[in-house]
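Peer 1: any chance you can model this:
(chains A and B)
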Amino acid sequence: MTAPETLRTRFAPSPTGYLHIGGARTALFNWLFSRHHGGKFILRIEDTDQMRSTDESTRAILDAMTWLGLSWDEGPIFQAERVEIHRAHVQRLVDEGKAYYCTCSQELLEEKRKQALAAGRKPKYDFTCRDRGLTRTPGSVVRFRCPEIGTTIVHDLIKGPIQFSNDELDDLIIERADGYPTYNFAVVVDDAQMGITHVIRGDDHVNNTPRQILLYQALGYAVPQFGHVPMILGADKARLSKRHGATSVMAYKEMGYLPEALVNYLVRLGWSHGDQEIFTMEELVALFDLDAVGRSAAVFNPEKLLWLNQHYLKAYPAELLVENLKPFWEARGYPVSDARYSARVVYDLQSRAKTLVELADSAAFYFADAVAYEAEAAAKFLTPETAPQLAAVAEALPGLADYSREGIEAFLRSFVEARGIKLKAIAQPLRVALTGRTVSPGIDEIMITLGLAKTQDRIRKAIAFVGRH
RNA sequence: GGUCCCAUCGUCUAGUGGUUAGGACGCUGGCCUCUCACGCCGGAAACCGGGGUUCAAGUCCCCGUGGGACUACCA
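Peer 2: Model prediction:
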C-alpha cells in the first residue's frame, strides 16, 4: 500500500527582472493551493538564459516573495546548476531515437519561417535534419522528434480539457548550440524530478503544455496536473506592462502599500468566494482552491487596490503600523524615538490616509519643532480677532479636570457657548495654530496626542505670530 | 496566417435553466460633523450579436464578432 502522495507545487520565475504583479499572483495561487492541501511549495529559479539572468533579479524576487509572506518549503533551486541532468536526459532521448541533432542555421530557419508565413503555410520546422542521422558537432542543436499523428489532451484544472492535434506541434529544440536546455525541456525534467504534482502557471503557457506532455511521455515520467490561470491585463486590455504604471511588487511597498492589501487584491483577480472581498491569509488558506478560479483575463484596477490598502491601514493596530512606517519616517527625518507618541500619531492619522506615504507626509506637524503655517490658513484664521480666543483657550487648558478627548470636547463646547460663537469659530484657528493647516485630525485628538505642554506652546506661538503680522 | 483561450455594470466578480441579475471598487445624492477622513443611508450603471435546444437560457449547443496568448537556439 502506498501512502498518498503529498501535493507539490512550484513557482519558477526567470531572474531577468523584478517580481511583477502577474508573477506574484501566480506565486500566490501556487502557495495558497499547496497550503490549502497540506502540500509543499517549491521555488525554482529558471536561469538557463545566461545572457539575461542576474543575481540582483534573483535577490529582488526572493525579497518580494518574502515581503508578501510567500514562504517556500524547498529551494531556491537554480536551474542552471542542473544542466548536467538536463544533458543526460537529452542524451537519453537521442539514444532512444526520440531526439536528433540538427545543423540548420538560425538564419536559414528564419528565412524559411518568413517564406512559409508569406505563403500562408504554418511556420514549423521542415524536418530537414530529422532523418539524417547526424551526430553532435559544434553549433548543432538537439530537436525532439514530435509525433506527427494523434492528439494530445491537456486536462486543465481551470479551463477543462483542451485538445491539440500533434501535427500542429513542432520538432522543438530541446538543447541549444551552447549546450543549455531550452525552457520547454528544462521545465519538464525539473518538474518531473522535483516531483511536482500540480503545475499552476499563467495561461500564456497553455500552448506549451502539449509539447511538454509529449516530453513527459517520451521521458517516461508521470504527467502532472496542469492549471492555467488567466492573464492580468492593463486598462487597455493589453498584457500588463510598465506603461500601465507600476508592475513591480516592491514598487508597491515603496509607494506605501501593505503586503496584506496587495495579497488581498491579487487573490481576487481571478478567484472569488461568493461576495467576500476581505480575506485574511488564514481564511485564504482555508478557502482557496482551483475550482473557484475564473477563466477570463482580469484588468488590473489600481483604485481597488488603493481602497484595500486604506482598509488595512485603518484596521491595523497602530503599534504595528509604526513598524511599517519606520523607513518612511526615517526618510523624512522625523524624530521617532518615542514609540508611544508615534503610535498616537498613527492612531490619529490612519483613517485619513490611503498609503503609508500619505500617512507619513501628513504626520509632519506632529514631529516638527515649529509649526509651519500655510499662508492662506494663517491669513484667514490667525488674526487679531481670533488671537484673544486662542489666548483664552491656552490659559484655560491647564485648569481642565479631564484632559481627555471627552474633557476637551466638553470644554470647547462650553467655551464657545459662553462666548456665543460657533464651535468651528474656535476649532479652525486652533487647528491652524496646532498644525499649520486647515485640514487635520480632530482638534481633541491632536491636543491629546501633542499633550498639554506642546499644545499650549503652539497656541502661544500662534498668538505671537499674529502679533508680528 | 495557424493553433489555443476568453466574453455579466467602466473595473473586479456572484450566478451553475425559472432571480426585481447580487456584491465590491470607482462615480454620484444625502446624513453625521470642529476641517479632512472614517462611518451610515440612497442612486445611476451589465448578461457582445445571431441562430438553435427547452414550457423556460446570463446559464446548454453552433456560428459570428471582439479581446488575448502562443507560433524563438526567451521563459
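Peer 1: tell me which stretches of the stretch 201-350 of chain A form helices.
Peer 2: Using DSSP state H, counting those that start in this stretch, the helices of the stretch 201-350 of chain A run over A:209-219, A:249-254, A:259-267, A:281-287, A:302-315, A:318-331, A:339-349.
Peer 1: how far away is A:A370 from A:A462?
Peer 2: From A:A370 across to A:A462, the span is 11 Å (C-beta to C-beta, to the nearest Å). Where C-beta positions appear, they are placed from N, C-alpha and C, glycine not excepted.
Peer 1: neighbour-wise, which of those two wins?
Peer 2: A:A462 (26 against 10; other C-beta atoms under 10 Å).
Peer 1: residues in the stretch 201-350 of chain A within reach of RNA strand B, list them.
Peer 2: Residues of the stretch 201-350 of chain A lying close to RNA strand B (C-beta under 7 Å from any atom of the strand) are A:203-208, A:230-231, A:233, A:237-239, A:268-270, A:272, A:274-275, A:277, A:292, A:294-299, A:301, A:303-304, A:306-307, A:310-311, A:314.
Peer 1: mind giving me the ChimeraX select for those residues, buried ones only?
Peer 2: A single ChimeraX command selects the buried members of those (16 or more other C-beta atoms under 10 Å):
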select /A:203,205,206,208,230,231,233,268,269,270,297,298,306,310,311
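Peer 1: return the subset of the residues of the stretch 201-350 of chain A next to RNA strand B lying in strands.
Peer 2: A:233, A:298-299 (DSSP state E).
Peer 1: next, format those residues as JSON lines and append pLDDT.
Peer 2: Compiled in JSON lines, these are given as follows (pLDDT from 0 to 100):
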{"residue": "A:L233", "pLDDT": "94"}
{"residue": "A:A298", "pLDDT": "95"}
{"residue": "A:V299", "pLDDT": "96"}
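Peer 1: now, which of these sits nearest A:F144?
Peer 2: A:L233 (32.6 Å; C-beta to C-beta).
Peer 1: which residues are in contact with the closest one?
Peer 2: A:239-240, A:297-300 (C-beta atoms under 8 Å, 6 or more residues apart in numbering).
Peer 1: can you do 10 Å?
Peer 2: Contacts for A:L233 were tallied using C-beta atoms under 10 Å, 6 or more residues apart in numbering; they are A:22, A:239-241, A:244, A:269, A:296-300.
Peer 1: pLDDT below threshold where in the stretch 351-469 of chain A?
Peer 2: Counting by pLDDT under 70, the stretch 351-469 of chain A contains no low-confidence residues.
Peer 1: surely A:A286 is in contact with A:G38?
Peer 2: No. A:A286 lies out of contact with A:G38 (C-beta atoms under 10 Å); the separation is 11.8 Å.
Peer 1: what about the two, which has more around it?
Peer 2: Between A:A286 and A:G38, A:A286 has the larger neighbour count (other C-beta under 10 Å), namely 14 against 9.
Peer 1: related to what we said a few turns ago, go through the helices of the stretch 201-350 of chain A and name the closest to A:A418.
Peer 2: helix A:339-349 (27.8 Å).
Peer 1: pLDDT on that closest one, on average?
Peer 2: In this model, helix A:339-349 has an average pLDDT of 95.
Peer 1: ok, and for it, which residues are buried?
Peer 2: Neighbour-count burial for helix A:339-349 [16+ other C-beta under 10 Å]: A:341-349.
Peer 1: and it, what other elements does it pack with?
Peer 2: Applying 3 or more C-beta pairs under 10 Å, 6 or more residues apart in numbering; DSSP states H and E, we find helix A:339-349 packed against helix A:302-315, helix A:318-331, helix A:356-362, helix A:364-367, helix A:443-450.
Peer 1: now the ones you listed in CSV, with distance to A:A116?
Peer 2: As requested, those are arranged in CSV below (distance: least, C-beta to C-beta, whole Å):
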stretch, distance to A:A116
helix A:302-315, 42
helix A:318-331, 55
helix A:356-362, 53
helix A:364-367, 65
helix A:443-450, 72
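Peer 1: among those, which is the most enclosed?
Peer 2: helix A:443-450 (a mean of 21; mean count of other C-beta atoms under 10 Å).
Peer 1: near RNA strand B at all, the helix or strand that it is followed by?
Peer 2: Using DSSP states H and E, the next helix or strand after helix A:443-450 towards the C-terminus is helix A:452-468. No. For helix A:452-468, no contact with RNA strand B is found by C-beta under 7 Å from any atom of the strand; the gap never falls below 13.5 Å.
Peer 1: returning to what we had before: give me the lowest-pLDDT entry from the contacts of A:L233.
Peer 2: A:S241 (80).
Peer 1: ok, it touching A:T247?
Peer 2: Yes. At 6.6 Å, A:S241 and A:T247 qualify as touching, with contact defined as C-beta under 10 Å.
Peer 1: joint contacts of these two?
Peer 2: In contact with both A:S241 and A:T247: A:20, A:22, A:234, using C-beta under 10 Å, 6+ apart.
Peer 1: among those residues, name the buried ones.
Peer 2: Buried among these (16+ other C-beta under 10 Å): A:20, A:22, A:234.
Peer 1: end-to-end on stretch A:96-104?
Peer 2: 22 Å (C-alpha to C-alpha, to the nearest Å).
Peer 1: give me the common contacts of A:A370 and A:A462.
Peer 2: Common contact partners of A:A370 and A:A462 (C-beta under 10 Å, 6+ apart): A:G436.
Peer 1: who's in contact with the residue nearest to A:I448 when sequence neighbours are not counted?
Peer 2: Excluding the flanking residues, the one nearest A:I448 by C-beta to C-beta, 6 or more residues apart in numbering is A:R405, at 5.9 Å. Contact partners of A:R405, counting by C-beta under 10 Å, 6+ apart, are A:442-445, A:447-448.
Peer 1: next, format the helices of the stretch 201-350 of chain A as JSON lines and append distance to A:S165.
Peer 2: Shown next, in JSON lines, are the helices of the stretch 201-350 of chain A (distance: least, C-beta to C-beta, whole Å):
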{"stretch": "helix A:209-219", "distance to A:S165": "9"}
{"stretch": "helix A:249-254", "distance to A:S165": "39"}
{"stretch": "helix A:259-267", "distance to A:S165": "35"}
{"stretch": "helix A:281-287", "distance to A:S165": "38"}
{"stretch": "helix A:302-315", "distance to A:S165": "41"}
{"stretch": "helix A:318-331", "distance to A:S165": "53"}
{"stretch": "helix A:339-349", "distance to A:S165": "61"}
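Peer 1: do you know which of those helices lies nearest A:I45?
Peer 2: helix A:249-254 (16.1 Å).
Peer 1: what residues does that closest one touch?
Peer 2: Contacts of helix A:249-254 (C-beta under 10 Å, 6+ apart): A:18-21, A:23-25, A:27, A:60-61, A:63-65, A:67-68, A:242, A:245-246, A:248, A:257-259, A:261-262, A:265-266, A:302, A:305, A:309, A:324, A:327-328, A:355-357.
Peer 1: with stretch A:367-377 instead?
Peer 2: Under C-beta under 10 Å, 6+ apart, the answer for stretch A:367-377 is A:329, A:332-336, A:338, A:341-342, A:345, A:364-365, A:378-382, A:428-429, A:431-439, A:457-458, A:461-462, A:465, A:469.
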